[in-house]
Every structure is written in structure tokens, then in C-alpha cells.
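Undergrad: 3D, please:
(chains A, B, C and D)
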Protein chains: 2
Amino acid sequence: MPALSDRIHMLDSETKAVETPEDHAEELRLWLRLLTCTTLIEGEVRGRLRQRFDVTLPRFDLMAQLDKAPDGMTLSDVSKRMMVSNGNVTGLVERLVESGHLDRRTSETDRRVQVIRLTKLGRAEFRRMAAEHETWIADLFADLTPKDVRELMRLLAKTKASAQKSAARRRP
Amino acid sequence: MPALSDRIHMLDSETKAVETPEDHAEELRLWLRLLTCTTLIEGEVRGRLRQRFDVTLPRFDLMAQLDKAPDGMTLSDVSKRMMVSNGNVTGLVERLVESGHLDRRTSETDRRVQVIRLTKLGRAEFRRMAAEHETWIADLFADLTPKDVRELMRLLAKTKASAQKSAARRRP
DNA sequence: CCGAATTGTTTTAAGCCTAAAATGTTTTGA
DNA sequence: TCAAAACATTTTAGGCTTAAAACAATTCGG
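TA: Now for the predicted structure:
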């Protein structure tokens, strides 16, 4: 219970700048637990994708983005959505075009822009994988009640907002 | 509210095997949100570590494990704790030994085993980074109340258990 | 005791990922 | 108009990561 240290801090802050190093052990533990959950699930999904479909997780993720955008997306859009670097997307797309899953063309109106889409093959394969993928996720979260799921959604939304705010403070 | 589809499913399951593809959109959305939170925070921490200390996140994570083990750890232990592959640890350790942050020696009692420890330099540098790192995490989670933190901890513990159970079902 | 499994680590091959610099294109504003 | 700024992408250099195979050492069971 952090009440005591909170009190001390508040008393301090009324009189002078805070020098006492504050205790953030709880937040740290929360972060580690969040990371553990994600790593665990991600690893499981990665392994199943490889075993069942011989596909990598990043490839699957990229195709998932494109499946939601029938008219295609620019590389920048994909990069932002996936929260990975531009250069990363370049390579990923290269390999997916090579394997026939993606179609890439230069925009008519802006020659800087590359628009990528799923090919018919790419879409078909993705849909097949996505259907099974969904059951894996359901199984991984099977012990959570619908109420747990709702509550987690809410708290993670709050977490996301908090982290975005903090990131914006540093890099405005 | 999933009550209706739940009912349908329950009625079905009493009479015959379920053929209806079930809807797991909520769990899928939860997973994506979890992943977004982690990616966001991880990216932020990665950037700050690089900027402030010119160190990579995996190096920091490895040092964090060793800081908790004054008598050292074996490579396997580290690999399990970090949830990364053995080969990954080998390379990571190589570079950290090279830079003088780690000490590695073959176990006296079992010549297969490599025991690694933080050097004095490694420990000093880690402690310096960890202190600042803790404030970043606190800031990233700043908008969560203590109650939110407790509740998230509880739900993520449940999530972790559920995922581990699911993983064990597949790979017993 | 000794061959077979097991365990711990390294190697290999391929792909993923980032930050930063470079390249090419479009927009902006004096 | 036209140079500077902004933008989209690619390239570069280095490091991270995995799965699988290879290697080395120990343990186990007959």
C-alpha cells in the first residue's frame, strides 16, 4: 500500500522540490508482466504459424493490415499501422511480392508513393490462416471471462493513452 | 453483449458437436490491443535507452536478469527467463563480454555449462540505467490509478496462466 | 560399464529490425 | 520562380532473432 510514501511525497512537494527517489516498483512489475504476456502469446502464435502454414509472423501481420484495405495502402501507412520502421516494411514487402502474395505499384498521382495490395493468392491464403489464427487466440485467452475481457480492454485502452501521452511529452 | 450467441452455442452444445464457427472477435481485439500497448512502450524504452545510454534493449534486459543473480546464471537460465532462443543469448553474451560488461566462465562441476555474471563495470552501468529506466516506466503508466495497476496486474496474471495452459495443451 | 538418451551450448542460414543517411519527388513560401 | 522544406521510400551498417542442426558433456538404464 503506497499511502505512506504518497503522503510523504505530498508533504514534501508542498514545501520544496522533490528529491526523494520515488518508488515505482509496482509500475515496473506491471510492465514486466505485460511484456511477459505479450512475449508468451506472440511466441505461441509465431510457432503455430510456422508449423501450420510455414509463414512468419511479420508476413502474417502485414497481410492482415492489407486485408482490411481492399484498395491498398502506401508503405508509410503500413509502417505506421504496424509500428515498425520504414526500411523494415520495404524488405518485408519485397519478399511478399516475390512470393506472389502482394502486388506493388507506383501511385499515378504521386511518384514517391508505392501502393501495395494483396493478390488473389495472398488474400486467399491470408483468409485461410486468419480463420485458424482466430481460434488460437480464443484458446490462448480461454480462461478469461467476458467480463475479464471487457475490463482488460478498458484498462489497456487507458494504458495506451497514457503511454502515448508520455511519448508525446518527450517527442512533441 | 455476447449473451445471445453464448446462448445459441450452449443450446447447440447440448444437442450436437459445435459446427458453427464461433465468433472470437473480442479476444482478437484484446490481443491486438495488448500487442499495441507492448509495442508502444517497448519502442519508447528502446529509443530512450539508445539516446541516453547508447545501449540496446536486449542488452539492458540481459543485464537486468543478471543484476538479480549476484552468483551468476547459466546461459539456459537466461534464455528461459528472457523467453528467447539459446542461440540468441550466445550472441548477446558474446558482445557484452567483449564490451566488458559481463564475465563468463565454464562451470567447475559441469563442463557443458557457462556461468555469466555482471562485471563491476556492468553492474555500475546497469544500476545507473535502471534508476532512470524506472522513472520512464512510471511516466508511461502515469495515468493509471493504483487501483488500475492492481487490477491490470490481476488480469494479466490470469491471462498469463491461460496462455501457458493453452501452450501446454499444444506442446505437452 | 557403456551405449543411448538427455542436457547445455554453439553454429548456421535466413529473415527481421532499427537508426541514420541517401535518393528522388512534391509542396511551400518568399 | 525556385530554393528550401517536407515527404516517401530505399539503402546501409549493424545488431537481433529464430529454428534447426551440430557438437560436447553428463546422466541413465540395462
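
Undergrad: need the strands for chain A, in chain order.
TA: A:73-74, A:102-106, A:114-118 (DSSP state E).

Undergrad: The second one vs strand A:114-118, what angle?
TA: The directions of strand A:102-106 and strand A:114-118 differ by 160 degrees, with axes from the mean of the first three to the mean of the last three Cα atoms, to 10 degrees as the criterion.

Undergrad: pLDDT weak spots in chain A?
TA: A:1-21 (pLDDT under 70).

Undergrad: In it, what residue lies closest to DNA strand D?
TA: residue A:87 (2.6 Å; Cβ to the nearest atom of the strand). Heads up, the C-betas are built off the backbone N, CA and C, glycines and all.

Undergrad: Near that residue, how many other residues are there?
TA: 9 (other Cβ atoms under 10 Å in any protein chain shown).

Undergrad: tell me the contacts of the closest residue to residue A:59 other than its chain neighbours?
TA: Distances taken as Cβ to Cβ, 6 or more residues apart in numbering or on different chains place residue A:96 nearest to residue A:59, at 6.2 Å, with adjacent residues excluded. For residue A:96, the contact set (Cβ atoms under 8 Å, 6 or more residues apart in numbering or on different chains) comprises A:59, A:62-63, A:102, A:122.

Undergrad: Please tell me how far residue A:39 sits from chain B.
TA: Separation of residue A:39 from chain B (Cβ to the nearest Cβ, to the nearest Å) stands at 5 Å.

Undergrad: And for that residue, the neighbour number?
TA: Around residue A:39 there are 14 other residues, counting by other Cβ under 10 Å.

Undergrad: Identify the residues contacting it.
TA: By Cβ under 8 Å, 6+ apart, the neighbours of residue A:39 are residue B:83.

Undergrad: list the contacts for the residue lying closest to residue A:156 once chain neighbours are set aside?
TA: Closest residue to residue A:156 apart from its sequence neighbours, by Cβ to Cβ, 6+ apart: residue B:33 at 4.7 Å. Residue B:33 is in contact with A:153, A:156-157, A:160, counting by Cβ under 8 Å, 6+ apart.

Undergrad: Any idea how many residues pack against the closest residue to residue A:67 other than its chain neighbours?
TA: Closest residue to residue A:67 apart from its sequence neighbours, by Cβ to Cβ, 6+ apart: residue A:126 at 5.3 Å. Neighbouring residues of residue A:126 were enumerated by other Cβ under 10 Å; the total is 22.

Undergrad: same check, this time on the one 10 residues further on
TA: By the measure other Cβ under 10 Å, the count of residues near residue A:136 is 20.

Undergrad: is it true that it touches residue A:48?
TA: Yes: with contact defined as Cβ atoms under 8 Å, residue A:136 reaches residue A:48; the gap is 5.6 Å.

Undergrad: Now do stretch A:56-66: distance to the chain's middle.
TA: Centroid separation between stretch A:56-66 and its chain, computed with Cα atoms, centre = their mean, to the nearest Å, is 12 Å.

Undergrad: Ignore what I typed, I meant stretch A:65-73.
TA: 17 Å.
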